[in-house]
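[1] Everything below, folded, please.
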Amino acid sequence: MAQGAGKGGSGRPSSFGRIGVLATGALGILILIGLCIWQLQRLEWKEGVIAQLEARLAADPVPLPVAFDPEIQEFSRVALSGRFEFAPGAHGFVDAPLLTSARPHGPGYRVIQPLTLSDGRRVMVDRGYVPVEEKNEGGAASRPTPAPEGPIILVGALRWPEEGDEGPDFGASDNVWTERDLTEMAALFGTEPVLVVAETSTAIGEWPLPQPLAAVDVRNNHLEYAITWGALALAWAAMTGFLAFRRV
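    Numbering: from 1, shown residues only. Take a look at the predicted model:
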């Protein structure tokens, strides 16, 4: 009985069991290390993309492209000549105020408004920040934000924000937008589906304050993911060693 208890009740795995633990552990470690390496590769790729976008943002402005390709043009700086017009869009308002907040002013809107270019093309321009109290009237974001009369020269960066698919992006009755849905905005205003984030002030008086693209706001969490997978691989390796060589 004592000898049998030594074999089955010692708490140590048999040679066969130890091999199984080591094999399972090695497989898990390889998978976790593979995920860590994959995230490091993704990090290198993403940093290259960000560097490319930052180079576009630092370059001199160019004329508005005839055809648009976000893959090679997003964050490119452009120079426009045109005028703001205040004819209402199909939703009954002259602009598309996007909810935002800016320090130290507090809640407000980014005023997105059509610009008719000198060659007849129409694009949307993010003119900048306006406080809520300067925009709201009669229960809606309906007060027009004054703009220069006549042609202006404007510099800004091309942007194609992500578009949501979780229902309406604006309240049809109050004209308060929660996302920059370019497809929907372009349909309402009869413009090309592109947004120019203005660097040039278009204010008459204090508002709007330009909110130019000062940096590339592209999410890059791949280093954190790589560290997570690497830490899990180390933990898995430690647990494998404990289970394979434990002594009781």
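
[2] Can you pull up the most central residue in this protein?
    By C-alpha atoms, centre = their mean, the chain has its centre lying nearest to residue 218, at 5.3 Å.

[3] Report pLDDT for it.
    Note on residue 218: pLDDT of 70.

[4] Thought residue 48 was touching it, still the case?
    No. Contact criterion C-beta atoms under 8 Å: residue 218 and residue 48 do not qualify, at 11.4 Å. Any C-beta I mention is one placed from the backbone N, CA and C, and that applies to glycine too.

[5] Tell me where the model's unsure across the protein.
    Within the chain, the ranges that satisfy pLDDT under 70 run 1-14, 16, 162-170, 172, 215-216, 247-248.

[6] can you give me how far the top helix by length along the chain is from the chain middle?
    The residue-count maximum for a helix in the chain (DSSP state H) belongs to helix 15-58. Remark: helix 15-58 is offset 23 Å from the chain centroid, using C-alpha atoms, centre = their mean, to the nearest Å.

[7] now for that helix, which elements pack on it?
    Here helix 15-58 touches helix 222-245, going by 3 or more C-beta pairs under 8 Å, 6 or more residues apart in numbering; DSSP states H and E.

[8] And stretch 46-56, what's buried?
    46, 50, 53, 56 (16 or more other C-beta atoms under 10 Å).

[9] Tell me which residues are up against it.
    73-77, 157, 215-216, 218, 220, 222 (C-beta atoms under 8 Å, 6 or more residues apart in numbering).

[10] Take the buried residues of stretch 46-56 and lay them out in a markdown table including distance to residue 108.
    Formatted as a markdown table, the buried residues of stretch 46-56 follow (distance: C-beta to C-beta, whole Å):
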| residue | distance to residue 108 |
| --- | --- |
| 46 | 31 |
| 50 | 28 |
| 53 | 26 |
| 56 | 28 |
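
[11] The residue nearest to the centre of the chain falls within a helix, correct?
    No. Going by DSSP: H, G, I helix; E, B strand; the rest coil, the assignment for residue 218 is coil, not a helix.

[12] how much space is there between it and residue 180?
    Look at residue 218 and residue 180: by C-beta to C-beta, to the nearest Å, they are 16 Å apart.

[13] check contacts around residue 147.
    84, 86, 113, 127, 202, 204.

[14] The fifth one against residue 153, yeah?
    Translated: residue 202. No. Counting by C-beta under 8 Å, residue 202 does not reach residue 153; the two are 10.8 Å apart.

[15] and those two? which has more neighbours close in?
    residue 202 (22 against 10; other C-beta atoms under 10 Å).

[16] so which strand or helix has that one?
    Assigned by DSSP states H and E, residue 202 belongs to neither a helix nor a strand.

[17] Skip the chain neighbours and tell me the closest residue to it.
    In this structure, residue 202 finds its nearest non-sequential neighbour in residue 127, 4.9 Å apart by C-beta to C-beta, 6 or more residues apart in numbering.

[18] who touches the one you found in this structure?
    Applying C-beta under 8 Å, 6+ apart to residue 127 gives the contacts 110-113, 145, 147, 198, 202, 208, 210.

[19] which among those residues gets closest to residue 96?
    Of all the contacts of residue 127, residue 112 has the smallest distance to residue 96: 4.4 Å, by C-beta to C-beta.
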